[in-house]
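Engineer: Sequence and predicted model, in that order:
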Amino acid sequence: MKCWLFGFVIESLLVAGITTEGERQDHLEVITKYGRLRGKLAGVEGIDKPVKSFLGVPFAKPPTGSLRFSSPQPAEPWSYAHFCVCSRCLQDLGWQDALSTLMNATLSNLTVAEDCLYLNIFTPDTEAKLPVMVWLPGGGLVIGGALLYDGSALSAYGNVVVVVVQYRLGILGFLSTGSQEAPGNWGLLDQVAALRWVQENIEAFGGDPSCVTIFGESAGGFSVGAQVASFPLCFRAFGISWILSPLSKGLFHRAISESGSVQFPGIFIQHPEILAQKVASAADCETTSPAMLLCLRNKTEGELKSLVSRLPLELNFIPAVVDGEFILKAPEELLASKDFHAVPYLIGVNNNEYGWLLYGSPLVKNSSDIIDGMDRERIAAVMQPLTSIWVSDKPVSTSFMTHLVWNVG
């Protein structure tokens, strides 16, 4: 199979890859550079191609203690057959409960922890050399996790190796002091570490390390865009694009962003220390570095969980920064220079984007408004409350609201 995976990438396959009739629980092992991994074999509905899944694969050391607010470090080797249904990265589960109620869905495994840098791997054939698709989950950079996505169906139907990555979220994933003590972008650096792990080990799962596609939706689409930036900026089926971060060079070869862009207003911030000081104050820490950082690193995991649960959204959502390591300059400047390694890039928006969020708006009185459509004036009124949590250095502009309304509408 050629390394061109831009046909129909169906996100629902990631969610709906449920094993069915005669589910097989045969255990198996693979050997990576770090140790043995135990997996299981299970069937996928509608296709006679069982998929091997390996869950909770550690790709970095636990980012705890002195590694909190630090770049990820390579995982330590292990001597046992590893298999783990691991917790999600630390986040406010109140948002998850609200979304579950809104969507009338029950989500399992609602445990969270700092020790969360794991990935899940799904493969139809460990002896092959198949294209690899690495999914970067969405969730506004504040919620989500790998176990929300079962890659079995996509793996079986697409005959690809699917990797689902967990990365740090919220304050633990993006807090920055605006200095070299804690430059930020930890969640994005986690993704780079995961991609390095894939390059080193994916052959053991039947994957081709020279044929890796990264893809994601919403915040996952932004994450892809942080690795890759489209040029020129437009929505189209195919394009030639450029890697933004030198750390990512050579780690992937194709990219897909679904409803997420590195150039979305507010996703980067110029003065992250202001948000960091507010977070420190809420945690009863000093607001100047390095005392602030030391205090936050000394907090227990329980104290951090409590902090995250009581922080308002504008402090839980910490934007990315130009840190001089992952992102050397503002995306606009990097794109203008055109001096980057080119990769093919598919970018666009999903149908009815944002529509499900409207169910939670008090301005929408009945579901027919959503099902039958809303005019742009109505949409503008519904979206206006978003301006109250705006965290960018720049004010919300009329042109941005117009752009948002036209894309949503």
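Structural biologist: Received the coordinates, thanks. Numbering: from 1, shown residues only.
Engineer: C-alpha only now, for contacts and for neighbours.
Structural biologist: Will do.
Engineer: ok, and for stretch 59-74, which residues are buried?
Structural biologist: Along stretch 59-74, these residues count as buried under the neighbour rule (16 or more other Cα atoms under 10 Å): 59-65, 68-72, 74.
Engineer: In contact with Ser257, which residues?
Structural biologist: 215-218, 220-222, 224-225, 345-348 (Cα atoms under 8 Å, 6 or more residues apart in numbering).
Engineer: what's downstream of the helix or strand bottoming out on mean pLDDT in the chain, the next helix or strand?
Structural biologist: Least confident element among the helices and strands of the chain, by mean pLDDT, DSSP states H and E: strand 240-243 (a mean of 42). For strand 240-243, the succeeding helix or strand toward the C-terminus, using DSSP states H and E, is strand 254-258.
Engineer: would you put the C-alpha positions of that next one in PDB?
Structural biologist: Presented in PDB, the C-alpha positions along strand 254-258 are these (Å, rounded to 0.1, in the frame of the first residue of the first chain):
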ATOM      1  CA  ARG A 254       2.200  13.500   5.800                       C
ATOM      2  CA  ALA A 255      -0.200  15.500   7.900                       C
ATOM      3  CA  ILE A 256      -4.000  16.000   8.300                       C
ATOM      4  CA  SER A 257      -5.700  18.800  10.300                       C
ATOM      5  CA  GLU A 258      -9.400  18.500  10.900                       C
END
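Engineer: which SS class is the closest residue to Tyr167 other than its chain neighbours?
Structural biologist: Leaving aside its chain neighbours, Tyr167 sits nearest to Gly187 (5.1 Å; criterion: Cα to Cα, 6 or more residues apart in numbering). Following DSSP: H, G, I helix; E, B strand; the rest coil, we place Gly187 in the helix state.
Engineer: pLDDT value on Gly187, please?
Structural biologist: Looking at Gly187, its pLDDT reads 96.
Engineer: What of the one 4 residues further on?
Structural biologist: Confidence per residue is given as pLDDT, and for Gln191 that number is 96.
Engineer: Could you pull up phi and psi at it?
Structural biologist: Backbone torsions of Gln191, given as degrees, to the nearest 10, read phi -60, psi -40.
Engineer: One more: Trp78?
Structural biologist: According to degrees, to the nearest 10, Trp78 has phi -130, psi 160.
Engineer: which residues does Leu175 contact?
Structural biologist: Taking Cα under 8 Å, 6+ apart as the test, what Leu175 contacts is Phe69, Ala182, Gly184, Asn185, Trp186, Pro272, Leu275, Ala276, Ile318.
Engineer: what's the answer for Cys89, then?
Structural biologist: Here Cys89 is in contact with Val112, Ala113, Glu114, Asp115, Cys116, Leu117, Gly144, Gly145, Gln166, Tyr167, Arg168, Leu169 (Cα under 8 Å, 6+ apart).
Engineer: hang on, the earlier thing: the residue nearest to Tyr167 contacts Leu169, doesn't it?
Structural biologist: Yes: Gly187 is within contact range of Leu169, at 6.2 Å (criterion: Cα atoms under 8 Å).
Engineer: For the chain, which segments count as helices?
Structural biologist: 12-15, 93-103, 152-158, 170-174, 186-201, 219-227, 272-282, 291-298, 301-310, 313-316, 331-337, 368-372, 376-383, 398-408 (DSSP state H).
Engineer: possible to save the ones you listed as a markdown table with distance to Arg36 and mean neighbour count?
Structural biologist: Shown next, in a markdown table, are these (distance: least, Cα to Cα, whole Å; neighbours: other Cα atoms under 10 Å):
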| stretch | distance to Arg36 | mean neighbour count |
| --- | --- | --- |
| helix 12-15 | 26 | 17 |
| helix 93-103 | 32 | 14 |
| helix 152-158 | 21 | 25 |
| helix 170-174 | 29 | 27 |
| helix 186-201 | 11 | 23 |
| helix 219-227 | 29 | 26 |
| helix 272-282 | 40 | 19 |
| helix 291-298 | 32 | 17 |
| helix 301-310 | 29 | 17 |
| helix 313-316 | 37 | 19 |
| helix 331-337 | 40 | 14 |
| helix 368-372 | 50 | 11 |
| helix 376-383 | 49 | 15 |
| helix 398-408 | 47 | 13 |
